[in-house]
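Chemist: sequence unknown, structure follows:
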DNA sequence: GAGTGGTGGTGAATCGTTTCAACGACCGCT
DNA sequence: AGCGGTCGTTGAAACGATTCACCACCACTC
């Protein structure tokens, strides 16, 4: 079953040429004579030869992979970003090693070690902590780094981000326009830059509307997932005055809040309006279709990867850039107070109703 | 900025020892004298030395990574499986290269090439096609392969799967028990084994209930995502007789069907009942909480990775195994006909209602 | 004082590929 | 015949880490 590994040397001896010629067939087929090339290719096929990337990289000094470190692969936001990255990388003939830091500095650090040992061409990362210390070292040692979904504080590196402050502003401005007086912000941990900035945008919108930012009821969560959203909703239920509008730092939280509120008999949006962030696919398919702040996720990943590849391959003339995209608000039922005043089903299907009449 | 790369040789000369000693410090620190070890470690720190994995692997003959090829990373089913794989791999000190075949044989093939060139220790894969040809070659050349979410047809390899036939049976048995007469199955493409088997289970349940399997209305989709589900619902809308119950091959399809049906004014579950498959997190948070067939996703990934690692590291005494988990049905509103006969909100929140009275 | 054993360290060979200077064969030209 | 120029191929030297046979040294023992 386990045949001995076949190397370029075996191919060479089978084809009756030198290893250099085999290498030429693989890398510069045009400079090899037709007959020879055919003989070598036949040998490769017959032996089932497969190049050893480790050996190539050892020689070349760098590998043909890039690293992508995200906070949570289970979050659709990041899977879409990852697809964007993958597309760019594929175009450049690079593979992507996807790592999941789980917002855990230790895990992030382990993955960075691993990527550096793999001599990846560069790293795309949404860093866990605010300490850029570790990343600076990496950069000093020659690994290009592009910050993902996080703006660089200086211009010594590239970054691709979405204006989260603006996103927070859009959300809260919308809720204020709907006439809400008691607003809450759900998000955390606050060590995550995106959470901070979305909250900051929310506060700015309050100020801009002449409201006291201190009125914004803040609920800090321990993570950005559905379970944490449910917890937050449970805590909100006891708050006085009870907020009538909740802006969540991402859609998973918002879905959790929505679920738990509904379970407790709170009607959305009549009793409480909810706005999420990211506009993941499931936002539109939620129990109450979710108003959300949409980010160009795929484009974010694509652009970041392109910048990284440029930095990694360009002849040292690379100009660092800070790309910032603007998000947009997508209004759906979860924050739309006009709902309920109009019929829920605008286009009832007569045949459907006829097939199985409503039991009530 | 770009310092020259520092190798084990540089460390050796700085510490005034041979390269062999540096290697010993890294790999067998106990056999090196204390003073020497400290001198070497200091040099490593001062120079910022990082091991070159390519070189290690070249020598070792194999890398410390495994490959994971899934049909779609954006599908929560696979991200959960991937997390299980990652956990196992981490425990064994291995890295995971996550690849996305997008159900495209060409893409799958490219990734398999890449993984083989990387000399991964093994590959976990949910294969696109029914042709196991390519995989057999890989196995012959010494790369262990474990089939994921797909049962092996022979015992020359390991596989970890969930009994999809049983899952299909559970779903349809449940729908029949609810008194439905006109059932539909939505899924595709049928080249995907899981789709086939779930359908087969559905047919078996029909037969077991003394119904003609030919009555099951089949709608083939081009993919297993939300958009394909919407399309399927549009096609179902025109069907005669209009099915009153739909079993979908996965939750994404079911969510799509749910969305499109609702848009058309079809009430779920009163007019049409829906059952999905996978029980992803969003199933419970859907517009109408979705009845679904739950699979042990994380466990699936963990187990598969453990089998692979065992096969890759064990001293050739490896026994191939076919692990099959049983799925379970989780009944929620989308298929529960008793709904609507009872109040929608069992525990109405008085203070919530008081804060913002229902406009109606 | 020759042998034995243990400790700590060395240095060269090795993994599989790429690269490049060098070489032989052949051709055409003077 | 001699020279220069292509063309195709060769062979050996890298790349960086690991491994292993071997050596130097010291401490003991009989």
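Modeler: The structure has been received and is ready for your questions. Quick caveat, the model's predicted, so the values are computed rather than measured.

Chemist: in space, what's closest to residue A:226 - neighbours in sequence excluded?
Modeler: Leaving aside its sequence neighbours, residue A:226 sits nearest to residue A:256 (C-beta to C-beta, 6 or more residues apart in numbering or on different chains; 4.2 Å). Bear in mind the C-beta positions are built from the backbone N, C-alpha and C, glycine included.

Chemist: mind telling me what element that neighbour is part of?
Modeler: Secondary structure assigned from DSSP states H and E places residue A:256 in helix A:251-263.

Chemist: which bits of the stretch 1-150 of chain A sit near DNA strand C?
Modeler: Residues of the stretch 1-150 of chain A lying close to DNA strand C (C-beta under 7 Å from any atom of the strand) are A:5, A:7-9, A:19-20, A:22-24, A:26-27, A:49-52, A:55-56, A:58-60.

Chemist: one more time with 6 Å
Modeler: A:5, A:7-9, A:19-20, A:23-24, A:26-27, A:51-52, A:55-56, A:58-59 (C-beta under 6 Å from any atom of the strand).

Chemist: among those, name the buried ones.
Modeler: A:7, A:8, A:23, A:24, A:26, A:51, A:52, A:55, A:56, A:58 (16 or more other C-beta atoms under 10 Å in any protein chain shown).

Chemist: now, the most widely separated pair of the residues you listed?
Modeler: A:24 and A:58 (19.1 Å; C-beta to C-beta).

Chemist: so what's the residue in chain A that DNA strand C sits nearest to up against?
Modeler: Nearest to DNA strand C in chain A, going by C-beta to the nearest atom of the strand, is residue A:8, at a distance of 3.0 Å. Each residue near residue A:8 by C-beta atoms under 8 Å, 6 or more residues apart in numbering or on different chains is listed here: A:19, A:22, A:23, A:49, A:51.

Chemist: quick one: those residues as CSV, columns for distance to chain B and pLDDT too.
Modeler: As requested, those are exported to CSV (distance: C-beta to the nearest C-beta, whole Å; pLDDT from 0 to 100):
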residue, distance to chain B, pLDDT
A:19, 15, 94
A:22, 16, 95
A:23, 15, 95
A:49, 10, 94
A:51, 5, 94
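
Chemist: near DNA strand D, list only the ones from those residues.
Modeler: Of the residues in the contacts of residue A:8, proximity to DNA strand D by C-beta under 6 Å from any atom of the strand holds for residue A:19.

Chemist: what is the burial count for residue A:31?
Modeler: Using other C-beta atoms under 10 Å in any protein chain shown, residue A:31 is surrounded by 10 other residues.

Chemist: quick check: residues of the stretch 51-200 of chain A near DNA strand D?
Modeler: Residues of the stretch 51-200 of chain A that fall close to DNA strand D, judged by C-beta under 6 Å from any atom of the strand: A:58, A:59.

Chemist: show me where the stretch 51-200 of chain A has strands.
Modeler: Counting by DSSP state E, counting those that start in this stretch, one finds strands in the stretch 51-200 of chain A at the ranges A:65-70, A:95-100, A:123-125, A:145-148, A:158-162, A:183-187.

Chemist: among these, which comes closest to residue B:108?
Modeler: Ranking these by proximity to residue B:108 (C-beta to C-beta) places strand A:95-100 first, at 14.1 Å.

Chemist: for residue A:299, grab phi and psi.
Modeler: Phi and psi for residue A:299, reported as degrees, to the nearest 10, are phi -60, psi -40.

Chemist: nope, residue A:286 is what I was after
Modeler: According to degrees, to the nearest 10, the main-chain angles of residue A:286 amount to phi -70, psi 170.

Chemist: so for stretch A:84-92, what gets flagged as buried?
Modeler: Going by neighbour count (16+ other C-beta under 10 Å), the buried part of stretch A:84-92 is A:84, A:85, A:86, A:88, A:89, A:90, A:92.

Chemist: which among the residues of the stretch 1-150 of chain A next to DNA strand C gets closest to residue B:232?
Modeler: The shortest approach to residue B:232 among those belongs to residue A:51, at 43.6 Å (C-beta to C-beta).

Chemist: for the nearest residue to that closest one once chain neighbours are set aside, give me its contacts.
Modeler: Nearest residue to residue A:51 in three dimensions, chain neighbours excluded: residue B:117, at 5.2 Å (C-beta to C-beta, 6+ apart). By C-beta under 8 Å, 6+ apart, the contact list for residue B:117 reads A:50, A:51, A:52, A:53.

Chemist: surely the first one and residue B:116 touch.
Modeler: Yes. Counting by C-beta atoms under 8 Å, residue A:50 sits close enough to residue B:116 to count as a contact (5.1 Å).

Chemist: between those two, which contacts overlap?
Modeler: residue B:141.

Chemist: what about residue A:136, neighbour count?
Modeler: Residues lying near residue A:136 (other C-beta under 10 Å) number 13.

Chemist: actually residue A:11, not the one I typed
Modeler: Neighbour count for residue A:11, taken as other C-beta under 10 Å: 25.

Chemist: check the secondary structure at it for me.
Modeler: Three-state assignment for residue A:11 (DSSP: H, G, I helix; E, B strand; the rest coil): helix.

Chemist: tell me how far it lies from DNA strand D.
Modeler: From residue A:11 across to DNA strand D, the span is 11 Å (C-beta to the nearest atom of the strand, to the nearest Å).
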